[in-house]
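1. got a predicted structure here, sequence first:
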Amino acid sequence: MRKEAAAMVTAAQITHMMEGGMVADALGVPVEFSRRGTYHVTGMQGHGTYDQPAGSWSDDSSLTLCLMENVNESGDFANLFDKMAAYTRGRYTPRGVMFDIGHTTHNAIARFLAGTPPLDCGDTAPDTNGNGALMRIAPLALVLLTEDDAAERRQVISDTTRLTHAHVRSIIGSVLFVELLRALLRGETLADALGPVFQQVANSGFPAHEIAYYRRLAAPAFGQTPPAAIRSSGYVVDTLEAAIWVNLRSRSFQETALTAVNLGDDTDTVAQIAAMLYGAGHPEMTIPQEWSGQLMRTTLDRQIIAHFAKRYAEP
């Protein structure tokens, strides 16, 4: 891989970005699958959908931790699958118990454990284009931050996605998300980066009919889309659109996280991805002490994030 000059990203920004994702995830957990307008979240709360204590984070953060630790260890894809399998047994969770995982991801893990090669475990069916790969892929923006070969970046993102979600639509979503994060980490604004990143990905050889599923993101006025036209489901296109839309309209981490959570449906994942985007674009981001203080933390998650932040921060 050829490398560009190091971007100005600090360990503090990386840490806040990852921890912000966990906080937003935990804000959304109690109301996941709730219909928009039937509730209003203003802060950290417990119980609800999964009857978990306040501050509990879900598979979004757990699988992200799996990828970060895999990267920290310079592990291969079998190593990453081993970690995802360990998650199903309670590792990388706030209380040692898994309470949430998507069917497509769970099925891919089962195939790996049955002996299927890692890159053949993901489902290729169009109806499996959930957000299970999108939710864990953000660390690759730091891993690939100084990689100037766009084809090399796409290959890494594509292979990491297809471990669980092998349909090209999910792969496109992951590439768009990681490339946007990378642009934000390098100092671009989301509004300025969105069009060029979409065009770059659209010109990368992906099928035009699949790129078209994301075409709303290329509209200059996408941020002015009425809330009623924004879907926040677990479908990969909906999730990415909703997270980007929230960021185009929000002015703080708090507003970003709460707007995402109050969209309804897949509240934890939309909020986590929205928070990652916000953190990538705002080096000065702070997380409200009330929220971070209520977030359930473990020795393991702190170690993984600290190691990852140190490894990918500005020298």
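-> Looks like it came in fine.
2. these two touch, right, Met18 and Phe308?
-> Yes - here Met18 lies in contact with Phe308, judged by C-beta atoms under 8 Å, at a distance of 7.2 Å. Quick note: C-beta positions are derived from backbone N, CA and C, even for glycine.
3. list the residues that contact both of those two?
-> Residues touching both Met18 and Phe308 (C-beta atoms under 8 Å, 6 or more residues apart in numbering) are Met68, Pro139.
4. contact partners for Asn247?
-> Leu190, Thr256, Ala274, Leu277, Tyr278, Gly281.
5. name the element it belongs to?
-> helix 236-249 (DSSP states H and E).
6. list the buried residues of that helix.
-> Using 16 or more other C-beta atoms under 10 Å as the test for burial, helix 236-249 gives 236-248.
7. closest to Val197 among these?
-> The shortest approach to Val197 among the buried residues of helix 236-249 belongs to Ile244, at 10.4 Å (C-beta to C-beta).
8. nearest spatial neighbour of the closest one, chain-adjacent residues omitted?
-> Nearest residue to Ile244, sequence neighbours excluded (C-beta to C-beta, 6 or more residues apart in numbering): Leu217, at 6.4 Å.
9. how about that neighbour, secondary structure?
-> With DSSP: H, G, I helix; E, B strand; the rest coil as the basis, Leu217 sits in helix.
10. doesn't Phe198 make contact with it?
-> Yes - with contact defined as C-beta under 8 Å, Leu217 reaches Phe198; the gap is 5.4 Å.
11. what residues do those two have in common as contacts?
-> Common contact partners of Leu217 and Phe198 (C-beta under 8 Å, 6+ apart): Leu176.
12. before we move on, what SS does the residue most central in space within the chain have?
-> The chain has Met135 as the residue nearest its centroid, 3.4 Å off, counting by C-alpha atoms, centre = their mean. Of the three states, Met135 takes helix according to three-state DSSP.
13. in the protein, which spans are helices?
-> Secondary structure of the chain (DSSP state H): helices located at 11-28, 59-72, 77-88, 103-113, 139-143, 150-162, 168-185, 190-202, 208-211, 236-249, 253-261, 267-281, 289-294, 299-312.
14. ok now the third one, how far from the chain's centre?
-> Relative to the mean C-alpha coordinate of its chain, helix 77-88 is positioned 17 Å out (C-alpha atoms, centre = their mean, to the nearest Å).
15. what mean pLDDT does that helix get?
-> The pLDDT scores in helix 77-88 average 98.
16. tell me, how many residues neighbour Pro127?
-> You called it Pro, but residue 127 is Asp. Asp127: 9 surrounding residues under other C-beta atoms under 10 Å.
17. look up how far Asp148 lies from it.
-> Look at Asp127 and Asp148: by C-beta to C-beta, to the nearest Å, they are 36 Å apart.
18. again with Ser34
-> To Asp148, Ser34 is 43 Å away according to C-beta to C-beta.
19. hang on, the earlier thing: just put the contacts of Asn247 in a markdown table and tack on neighbour count and pLDDT.
-> Output for the contacts of Asn247, formatted as a markdown table (neighbours: other C-beta atoms under 10 Å; pLDDT from 0 to 100):
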| residue | neighbour count | pLDDT |
| --- | --- | --- |
| Leu190 | 18 | 98 |
| Thr256 | 25 | 98 |
| Ala274 | 31 | 98 |
| Leu277 | 29 | 98 |
| Tyr278 | 29 | 98 |
| Gly281 | 20 | 97 |
